[in-house]
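>>> prediction below, plus the sequence it came from.
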Amino acid sequence: MKTFVTGASGNVGFPLIRYLHQAHVEIKAGSTDPVALGTRLPVEVECVDFDFLNQESYDAALHDVDRVFLMRPPHLGNPNQLYPFIDAMVERGIGFVVFLSLMGIEKNPVPPHAKIEKYIRASGLNHAFVRPGFFMQNVSGVHAWEICRNDEILIPAGRAKTSFVDAEDVALAASMILQDPLCHAKKAYTITGPRSLDYDDIATLLSEVTGRTVTYRKPGFSTYRNHMLKVRKLDRTYVDVTIALYFMTRLNTASKVTGDFERLCGKTATDFEDFVIRNKGKFEKSPE
Ligand SMILES: NC(=O)c1ccc[n+]([C@@H]2O[C@H](COP(=O)([O-])OP(=O)(O)OC[C@H]3O[C@@H](n4cnc5c(N)ncnc54)[C@H](OP(=O)(O)O)[C@@H]3O)[C@@H](O)[C@H]2O)c1
């Protein structure tokens, strides 16, 4: 029997494949572009065409599978878009589902993850929730654009602190949970990095590692929204969900540091400084 990994090309799904493979777990990986995924993956794994919005893709995805790593693609802002797949897992008797949720969701009904958690609980599926803080990969990914071009961090989080976590650590935690359903059934884990930093701290770390002066000017929501929509031309739903998340961050909901990663994985979570050094190439200066 196999573990089906949704979002296998994503921040958590991609390293999760590696960790499950190392643990000799049989894996099936889902992507809307399985050929591209197969060429990117460092290990040989069955890759299938999978789209939450195409129910015809569910059969091949769930055939011969007993565990599922479930993530919500960031641009699917409506929880209803995941319900048909959750129903399909129930119909096919999937034994254990690990859902990639969000830190603090137990007290915040606004992000789609809250309704998805509720739906999974009500479905009767055996499950566990992984609730990470903000990924360090947001800074080296979507937000590297402004850092590389303008030496600026353009994130509307004010002075708030965030307990950034390396998505690789989230993947390692998810792989430990997926391998032991008996131990983790109906539990929720808040996975964070080892310390809380504000974006001035991140600018200082980036300046030290890159040798340039990276600044953080505390942009407001409208500056951020205009830039992300008009200059970056990012998806409107995605941008609006991120604004809601940065609004919550300003209310100090993203700063908690927990010991869940260390308890699950037996080691300290990655520090932001080590992450920046490891990913220095992603912050190289690019032309205007
Ligand atoms: N980023 C954070 O800081 C953070 C923190 C806590 C929780 N989370 C949550 O973690 C989840 C993942 O976030 P992320 O930012 O790390 O994103 P990500 O993994 O980069 O997400 C993109 C993934 O979604 C897949 N995907 C896109 N459209 C799809 C579709 N229609 N059907 C199936 N798969 C589809 C993509 O696969 P293909 O393109 O290969 O199909 C890709 O693997 C989100 O729910 C987010 O809210 C994120």
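Here it is on my side, so go on.
>>> surely Ala88 touches Ala60?
No - counting by C-beta atoms under 8 Å, Ala88 stays clear of Ala60, with 11.5 Å between them. (C-beta placed from N, C-alpha, C; glycine too.)
>>> who's in contact with the residue in the chain positioned nearest to the ligand?
Distances between the chain and the ligand by C-beta to the nearest ligand atom are smallest at Gly10, namely 2.1 Å. Under the criterion of C-beta atoms under 8 Å, 6 or more residues apart in numbering, the neighbours of Gly10 are Met71, Pro73.
>>> helix/strand/coil for it?
coil (DSSP: H, G, I helix; E, B strand; the rest coil).
>>> check Val130 too.
Val130 - assigned by three-state DSSP - is strand.
>>> numbering from 21 from now on, please.
Sure, I'll start numbering at 21, so the last one becomes Val150.
>>> check contacts around it.
Val118, Phe119, Leu120, Ser121, Val190, Ala193, Ala194, Ile197, Ala208, Tyr209, Ile211.
>>> in helices, which of those fall?
Val190, Ala193, Ala194, Ile197 (DSSP state H).
>>> in the helix or strand of the chain with the lowest mean pLDDT, what counts as buried?
Lowest on mean pLDDT, DSSP states H and E among the helices and strands of the chain sits helix 256-270, with a mean of 92. By neighbour count on 16 or more other C-beta atoms under 10 Å, the buried set for helix 256-270 is Tyr258, Val259, Val261, Thr262, Ile263, Leu265, Tyr266, Met268, Thr269.
>>> how far does the next helix or strand after it sit from its chain's centre?
Moving toward the C-terminus from helix 256-270, the next helix or strand (DSSP states H and E) is helix 280-285. With C-alpha atoms, centre = their mean, to the nearest Å as the basis, helix 280-285 stands 17 Å off its chain's centre.
>>> please apply the same query to stretch 114-131.
That offset, for stretch 114-131, works out to 12 Å (C-alpha atoms, centre = their mean).
>>> now do the same end-to-end measure for it.
Its start and end residues considered, stretch 114-131 measures 25 Å (C-alpha to C-alpha, to the nearest Å).
>>> Asp221: which element?
Secondary structure assigned from DSSP H and E places Asp221 in helix 219-230.
>>> do you have the helices of the protein handy? List them.
Going by DSSP H, the chain shows helices at 33-42, 54-60, 78-82, 103-111, 132-143, 157-160, 164-170, 187-198, 201-204, 219-230, 241-246, 256-270, 280-285, 292-298.
>>> centre of the chain versus the fifth one, how much separation?
Relative to the centre of its chain, helix 132-143 is centred 17 Å away, using C-alpha atoms, centre = their mean.
>>> got a list of what Arg215 touches?
Shown in contact with Arg215 (C-beta under 8 Å, 6+ apart): Ser183, Val277, Asp291, Phe292.
>>> how about those in TSV, adding pLDDT, neighbour count and distance to Cys67?
What follows is the contacts of Arg215, written out as TSV (pLDDT from 0 to 100; neighbours: other C-beta atoms under 10 Å; distance: C-beta to C-beta, whole Å):
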residue	pLDDT	neighbour count	distance to Cys67
Ser183	98	23	33
Val277	98	16	36
Asp291	98	17	33
Phe292	98	23	32
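>>> surely Met196 is in contact with Gly286?
No - applying C-beta under 8 Å, one finds Met196 not in contact with Gly286, separated by 9.1 Å.
>>> more neighbours: these two, which one.
Neighbours around Met196 and Gly286, counted as other C-beta atoms under 10 Å, are more numerous at Met196. The numbers are 20 against 8.
>>> show the pLDDT at Pro131.
Per-residue confidence (pLDDT) for Pro131: 88.
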